[in-house]
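Undergrad: any chance you can model this:
(one chain, ligands or ions: 1)
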Amino acid sequence: MALYSRVSGFVGLITLQNPPVNALSAAVRQGIVDMVERALGDPNVKSVVICGQNGNFCGGADIKEFGTNMSGPPLVPMIDAIEAANKPVVAAIEGSALGGGLELALGCHYRIAHSKARLGLPEVTLGLLPAAGGTQRLPRLVGVPAALNLITTGRHVTATQALQLGIVDQVTDHNAVDVAVKFSLSVAGQSLDARRISTYPCPLPSDSDALFEGVMQKVRQRAHGAIAPVACVQAVRAAATLPYSKGMEREQELMATLFTSGQARAQQYCFFAQRAVGRWRMPSGARWDTSKPRPVHKAAVIGLGTMGRGITVALAQTGLSVVAVETQEKQLMEAKQAVSGMLERGAKRHGVAPTLDRISYSQNIHAVAEVDLVIEAVFEDMALKTEVFQQLSAVCKPGTLLCTNTSALDVDKLASKMPNPELVVGMHFFAPAHVMKLLEVVYGPRSSPQAVATAMQLGKKMGKVSVAVGNCRGFVGNRMLMPYLQQAFFLLEEGATPELVDRALEEFGFPMGVFRMSDLSGLDVGWRVRKRDELVEPDMASGQSARIRQGSRYSPLGDLLCEQGRFGQKTGRGWYQYDKPGSRVARSDPWLHSFLVEYRARHGLVPRSIDQQEVLERCLYALINEGFRILEDGIAAGPEDIDVIYVFGYGWPKHRGGPMFYAGMVGLAKVLERLEHYQQAHPDVPYLQPCSLLRRLVASGSPPIHRWREAIKKRQSQL
Ligand SMILES: CC(C)(COP(=O)(O)OP(=O)(O)OC[C@H]1O[C@@H](n2cnc3c(N)ncnc32)[C@H](O)[C@@H]1OP(=O)(O)O)[C@@H](O)C(=O)NCCC(=O)NCCSC(=O)/C=C/CCCCCCCCCCCCC(=O)O
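TA: Okay, here's the model as predicted:
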């Protein structure tokens, strides 16, 4: 709703009230319509100020309403009526003015923002466009290039940036509502003709066609198949080429297409899923709202390889004091230089001072004696990690949380060797750790709820999307990657090429296909893991038996490439070839194609034609099937956890919502049917055996994704 009061004698003050972000629900919209009418009809009111309750202007349309039969007054006529008012209406912006919130402010005649406010049109991130006039008013106000940038990226700007762009008229460090009230009286009675943005001509650069084409090309490249950014460009182009009323018609048309698209549903699901993972719970019953985190002021990082350096940067950027420990002198010196460089570049980008003095470096593990939390990032070796952890428990003050940045080792096994296993959790960062948004917080049966709460809170402070997951091989993300990679290898054996597989996945929306990605991260990484698992047999015989390991089908293709020193981009050769080691542009490699032909012949494999549909079904459904197993095992608390991990850590396209959401969109029955089909064709591949949770969900009528947790809980209580 909206509150009305009269202040300073002559000002009608309308306060939006819908905690926590004053979203424009039907009740709020109705409130605004009624209160504006009241203020305009009151002869004693000379001006109007619109603000939000609790120092927060407005977070935009109520996203929860989008999935419902929307009722209440629509936004567009409401904003038009404000703009047409014959008394000055001033928006007093504190906190955030986002989406419909900013569009409301653009309908006002003046905008005054507090210096800490943030403004933006983030609809594109929800699969939509700013359809309450935002695509038509913003370019008229700030010009086409700036509007295109803000609307197609959805980025937020600070109040100062908004002032520079011309979005707001004034920025204040004082109470923005008080300033707006005073200001509104100072302009009362003046002509408002020049203040109605919809009447402005849209300023056009001379080469506008080239500008739109250039932007459209860039946007399409970045969008990986998402339609909203493209529609945003089309809507702004309408502002530049059509009269306001026609531009508005175009904006509404484009919005109608987006609004009813599966992509918008997927992106809005992601918005809520990202928030839902913060409400974590463990199988023991411990949960986010009953577990109190310990304060962390000082942290340490042990091991300054690539991951340790990124984690050190991320911690320092959070404002913590960091002790960075590396026993090798040369490595320590190199790390110091690299970390300083990363911090300086980051600070320059954000226009702030670098935080180099927050870090102290040492070769001696005793330097961590006073820290509240340690993140170990030494080489992936259980014996080495155990030794480091034992040293840490002897050196650290009591209660220090001990976190391991392992991506694959058993966190509980590590904890079991400690005198204080309840203090041990995994913090699985993704490379580069100061850039990637995802953090898996891995708990074992011995981890205390407080340890999990502390790691989750630290992740949040570091700007990560943190997901609490149980301990198992590969945790959630890498565990699901195994069947995906395996299917990709099998497809090569059966007749596909890396180009075909990658094209299918990239057209689906991944920024990189599996082979390109594998070349980037290094083929030797998986090789080392397979060797540790005793899967690699260098002197492999030919024939079918050579492709069986531990009773199941196995493809040694990756091992064979590694034996040739083809580790991917770093060696200039992998699944593709590169101009030189370290180059990034992947080119098709005739050697690889001949190698595959020769390999198939040696093993008696008759290549067949494989289409993109089969690539997608086999790679993605095998991955999804493992996701269902993870849910069944209680490693992830719900499908949102898995989806958030895949969207933020593995490049799963947001406009497809994450693997579990996608399974629901495809239809669980269809996923099951295709898995059964492929399992019949490949009975020696256990990953294609449909998971019993999937079967049960299908048997119970394929409930919508928000009801899966009930089915999982029911099953777990039966066990
Ligand atoms: C920056 C934030 C605002 C605050 O961040 P923070 O403080 O960290 O808090 P959060 O944890 O993020 O959020 C707290 C809780 O609030 C919930 N929340 C936040 N924003 C909204 C919102 N806008 N609506 C509903 N709920 C919201 C959030 O979920 C948290 O609750 P919980 O933990 O999940 O329980 C940050 O929250 C943020 O960034 N918010 C989103 C801002 C945003 O994206 N705004 C844009 C919204 S879309 C919009 O405004 C669109 C406007 C255009 C007009 C739309 C007209 C629609 C109708 C047209 C239909 C035509 C189709 C016709 C079809 C046909 O023909 O049939």
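
Undergrad: tell me which element the closest residue to Ala223 other than its chain neighbours is part of?
TA: Sequence neighbours aside, Pro229 is the residue nearest to Ala223 in space, at 4.6 Å (criterion: C-beta to C-beta, 6 or more residues apart in numbering). For glycine as for every other residue, the C-beta is placed from the backbone atoms N, C-alpha and C. Secondary structure from DSSP states H and E places Pro229 in helix 228-241.

Undergrad: which positions within the helix or strand just after that helix qualify as buried?
TA: Downstream of helix 228-241, the first helix or strand assigned by DSSP H and E is helix 244-259. By 16 or more other C-beta atoms under 10 Å, the buried positions in helix 244-259 come out as Tyr244, Gly247, Met248, Arg250, Glu251, Leu254, Met255, Leu258, Phe259.

Undergrad: doesn't Arg137 make contact with the fifth one?
TA: No: in this structure Glu251 lies outside contact range of Arg137 using C-beta atoms under 8 Å: 10.2 Å.

Undergrad: now the helices for the stretch 551-700 of the chain?
TA: Using DSSP state H, counting those that start in this stretch, the helices of the stretch 551-700 of the chain run over 557-563, 590-602, 612-632, 639-649, 659-666, 668-681, 692-699.

Undergrad: so which of the ones you listed is nearest the ligand?
TA: helix 639-649 (10.7 Å; C-beta to the nearest ligand atom).

Undergrad: helices or strands up against the closest one?
TA: helix 262-276, strand 438-443, strand 465-470, helix 477-494, helix 612-632, helix 659-666 (3 or more C-beta pairs under 8 Å, 6 or more residues apart in numbering; DSSP states H and E).

Undergrad: now check it, is it near the ligand?
TA: No: contact of helix 639-649 with the ligand is not found when judged by C-beta under 6 Å from any ligand atom; the minimum separation is 10.7 Å.

Undergrad: mean confidence for that helix?
TA: Averaged over helix 639-649, pLDDT sits at 98.

Undergrad: now it - C-alpha only, CSV.
TA: The C-alpha trace of helix 639-649 is given here as CSV (Å, rounded to 0.1, in the frame of the first residue of the first chain):
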residue,chain,number,x,y,z
PRO,A,639,16.7,-28.5,-6.7
GLU,A,640,17.4,-24.8,-6.3
ASP,A,641,20.8,-25.6,-4.7
ILE,A,642,21.8,-27.6,-7.8
ASP,A,643,20.5,-25.1,-10.2
VAL,A,644,22.3,-22.2,-8.5
ILE,A,645,25.5,-24.2,-8.5
TYR,A,646,25.2,-24.9,-12.2
VAL,A,647,24.2,-21.3,-13.2
PHE,A,648,26.9,-19.6,-11.2
GLY,A,649,29.7,-22.1,-11.4
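
Undergrad: need the residues of the chain near the ligand, please.
TA: Counting by C-beta under 6 Å from any ligand atom, the residues of the chain near the ligand are 20-21, 23, 59-64, 75, 96, 98-100, 122-123, 126, 128, 130-132, 255-256, 259-260, 272, 275.

Undergrad: just the strands in the stretch 51-200 of the chain please.
TA: Along the stretch 51-200 of the chain, the stretches classed as strands by DSSP state E, counting those that start in this stretch are 89-93, 96-98, 110-114, 118-120, 156-158, 170-172.

Undergrad: just these: most buried one?
TA: With neighbours taken as mean count of other C-beta atoms under 10 Å, these reach their highest mean count in strand 89-93, at a mean of 29.

Undergrad: which residues touch that strand?
TA: Outside strand 89-93, the residues within contact range by C-beta atoms under 8 Å, 6 or more residues apart in numbering are 36, 47-51, 57, 82, 97, 104-105, 107-114, 117, 119, 159, 168, 176-177, 179-181, 183-184.

Undergrad: what count of nearby residues applies to Gln337?
TA: 11 (other C-beta atoms under 10 Å).

Undergrad: ChimeraX command for the buried members of the residues of the chain next to the ligand?
TA: Buried residues within those, by 16+ other C-beta under 10 Å, are selected in ChimeraX with:
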select :21,23,59,60,61,62,63,75,96,98,99,100,122,123,126,128,130,131,132,255,259
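
Undergrad: sitting in helices, which of the residues of the chain next to the ligand do you find?
TA: Mapping those onto helices (DSSP state H) picks out Leu75, Gly100, Met255, Ala256, Phe259, Phe272, Arg275.
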